[in-house]
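1. predicted coordinates and the sequence they were generated for:
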Amino acid sequence: MNGKRIRREKLTIRRMIALYQQRCPQALADREHYQALNDYADKRLDKCVFGEEKPACKQCPVHCYQPAKREEMKQIMRWAGPRMLWRHPILTVRHLIDDRRPVPELPEKYRK
Ligand code: SF4
């Protein structure tokens, strides 16, 4: 999946992880782990059932992340989120707008 919205979300996540790594020496030392986490997030986005209409992951009724990875991403976002505005203002504003999107109905093939 390679639409604008998904590409933007991938970029936001990449920037947030990079920011988190810069400020946290332990995270900086563990590059492989964070690269793997970033790759995992990209794959989730590639397979997102909502595609370009996706809601914010934190509001998603599906939540496709493994629980441990979800927790880790939450921790990164909690730390990096407020700092993103100064480093990447345009991306942050777009992300905040995306966050306010309503949660769409699940595509029919995923409904029970
Ligand atoms: S958590 Fe929901 S919105 Fe986020 S990638 Fe997974 S299915 Fe898509």
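-> In hand now; what should we look at?
2. mind checking pLDDT for N2?
-> For N2, the pLDDT comes out at 78.
3. so is it in a helix, a strand, or just coil?
-> coil (DSSP: H, G, I helix; E, B strand; the rest coil).
4. contacting residues for it?
-> Under the criterion of CB atoms under 8 Å, 6 or more residues apart in numbering, N2 has no contact partners. Bear in mind the C-beta positions are built from the backbone N, C-alpha and C, glycine included.
5. any idea how far it lies from the ligand?
-> Distance check for N2 against the ligand: by CB to the nearest ligand atom, to the nearest Å, it reads 14 Å.
6. packing partners of the helix or strand of the chain at the bottom of the mean pLDDT ranking?
-> Of all helical and strand segments in the chain, the minimum by mean pLDDT, DSSP states H and E falls on helix 25-29, at a mean of 78. On a contact count with 3 or more CB pairs under 8 Å, 6 or more residues apart in numbering; DSSP states H and E, helix 25-29 meets helix 4-23.
7. next, the angle helix 4-23 makes with the helix or strand immediately after the least confident helix or strand of the chain in the chain.
-> Counting by DSSP states H and E, the next helix or strand C-terminal to helix 25-29 is helix 31-46. Per axes from the mean of the first three to the mean of the last three CA atoms, to 10 degrees, the angle that helix 31-46 makes with helix 4-23 is 160 degrees.
8. after helix 31-46, next one along is what?
-> helix 67-87.
9. next, the angle from that following helix to helix 4-23.
-> 90 degrees.
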